[in-house]
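> how would this look folded up:
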Amino acid sequence: MRTVSVQAMVGAVRARGGVPRVVVSGNHATPWPVVAALDEGLAEWTLHMLNPQRGVPVRDGIRLETCFVGPGMRDAPTLAYIPSRLSMLPSLLRTHLPPDVVVLHTSTPRRGRVSMGTEVNILPAAVEAAHAHGGLVVAAMNPRMPYTYGDSVLDLDQVDLAVEIDDELSASTPVPLDDASMEIGARVADRVLDGATIQAGIGLIPDAALAGLASRRELRIWSETIGDGVLALEEKGALDTNVPIGTSFLFGTAELYSWVDRNRRVRMLRTETANNPARIALNPQLVSINSALQVDLHAQANAAHIRSRPFSGFGGQPDFVTGALHSPGGQALIALRSWHPKADVSSIVPYLQTPVTSFQHTAVVTEHGVAELIGRTQEEQARALIEEAADPRAREELRAGARTVGLGAAALG
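Numbers count the residues shown, from 1 in each chain. Coordinates of the predicted model:
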């Protein structure tokens, strides 16, 4: 590893020639000073990130590439969205999408190693693919980045160039839970037993579900991502302290970052491990808590598209739904509001007009109730969604829609 200035690093990338594909730490772990320098120094380049946040440069000459669209790339004219389960993306980096440059946001060195801190995900695979294809690996070393363990740790000899930055980490601001989120969260929490393994995303409904688990004991965490809700469970004594917390990336408050720093209980996992359905299924009673934009009467969930345009992507939802269904005593739950307040429409619809993100869930949970799905006929599933999960304002229209999509028996109530 050689430590250089940011300008010298950009020069090294430019000297390679061509239009480089640059894989950069995404989610909430992007080293923005390095991205800005690359944008200033490269006339043309491809920027590959997962869940990019606001601040991504958007202009002619930059091809924005992702398998999971975030607010920084959403609706960008140069967006290249590549549909993929998250568990499959590492293999794409080795074959179809080899990186020319990988930029990691890391801790400062300790004993000849750096840590990727809050974002591991696809990055170990990207580093390996870059090495295999003669690419360049850059570490943006930041003293503010927590030092986490597991697959986040990288030997310095795996880094070609290092640059030093001192940039504030992106952190979340706690948002008060609303009544609908609390009701949904309580219904989800009621289904979780002591000793279960939890997978939950970040947002009001997952936070509410985790908050409802404070009285449980010996819970385990195996999740694509974690936030402050997991820290709260740790503080309440709800987690099994003999089992490591497994996750691939994290986002939360400064308190969360302080907690994970040099905490060997938290094991950061590469995507091939965290999102492998077979590995997920090995966890006992895994309860997968995911959300969606829409669920149709065939019990299919859309969590990725709005009016056929990519809003996010498949992400890890299909991986965890499959893994949970194969876990002993596992459950794959879709938890969502029954009504979209902004769009003023029902989130339960007769039939999806968009690509399907996941299907064959255990149950769909809304503030109005729980639609039990597993093991039921398609007509019984549709009837449960209408009568138990849908907003009362939408039920008559959904009954009519059931007839239209060949589920007439569900319309009988």
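
> contacts, neighbours, all on C-alpha from now
Will do.

> for Arg267, list each beta-bridge partner.
Beta bridges link Arg267 to Tyr149, Gly246, judged by DSSP bridges.

> repeat for Gln331
With DSSP bridges as the rule, Gln331 is bridged to Val287.

> make residue 1 into 357 and carry on from there
I'll keep to 357 as the first residue from here, and by that count the last item is Gln687.

> roughly how far apart are it and Arg466?
41 Å (CA to CA, to the nearest Å).

> more neighbours: these two, which one.
More neighbours surround Gln687 than the other of Gln687 and Arg466, with 26 against 12 (other CA atoms under 10 Å).

> per-residue confidence at that one?
Gln687 carries a pLDDT value of 98.

> quick check: domain ranges of the protein?
The chain breaks down into these domains under automatic domain parsing: 358-520, 535-768.

> any chance you could map the strands in the stretch 457-606 of the chain?
457-462, 469-471, 492-497, 505-506, 509-511, 517-520, 553-556, 576-577, 581-582, 601-603, 605-606 (DSSP state E, counting those that start in this stretch).

> adding mean pLDDT, mean neighbour count and distance to Met444, write those strands out as TSV.
As requested, the strands of the stretch 457-606 of the chain are exported to TSV (pLDDT from 0 to 100; neighbours: other CA atoms under 10 Å; distance: least, CA to CA, whole Å):
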stretch	mean pLDDT	mean neighbour count	distance to Met444
strand 457-462	98	27	18
strand 469-471	98	23	24
strand 492-497	98	24	22
strand 505-506	98	20	20
strand 509-511	98	18	22
strand 517-520	98	20	28
strand 553-556	97	25	19
strand 576-577	98	25	22
strand 581-582	96	24	17
strand 601-603	98	24	17
strand 605-606	96	26	17
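
> for Thr713, which of those strands is the nearest?
Nearest to Thr713, of all these, is strand 553-556, at 16.5 Å by CA to CA.

> what's the closest one packed up against?
Contact here means 3 or more CA pairs under 8 Å, 6 or more residues apart in numbering; DSSP states H and E; on that basis strand 553-556 packs against strand 576-577, strand 642-646.

> what's the burial count for the spatially closest residue to Phe667 that is not a sequence neighbour?
Distances taken as CA to CA, 6 or more residues apart in numbering put His661 closest to Phe667, at 4.9 Å, once the chain neighbours are dropped. When neighbours are defined as other CA under 10 Å, His661 has 20 of them.

> who does His661 form a beta bridge with?
Pro666.

> follow-up on the earlier one: could you dump the strands of the stretch 457-606 of the chain into TSV with distance to Leu589 added?
Formatted as TSV, the strands of the stretch 457-606 of the chain follow (distance: least, CA to CA, whole Å):
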stretch	distance to Leu589
strand 457-462	27
strand 469-471	25
strand 492-497	31
strand 505-506	20
strand 509-511	26
strand 517-520	35
strand 553-556	11
strand 576-577	10
strand 581-582	11
strand 601-603	12
strand 605-606	15
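
> out of those, which gets nearest to Ile704?
strand 553-556 (21.4 Å).

> can you count the residues close to the closest residue to Glu574 other than its chain neighbours?
By the measure of CA to CA, 6+ apart, the closest residue to Glu574 outside its immediate chain neighbours is Asp596, 3.9 Å from it. When neighbours are counted by other CA under 10 Å, Asp596 registers 18.

> wait, Asp596 sits on Arg576?
Yes: between Asp596 and Arg576 there is a contact at 6.0 Å, judged by CA atoms under 8 Å.
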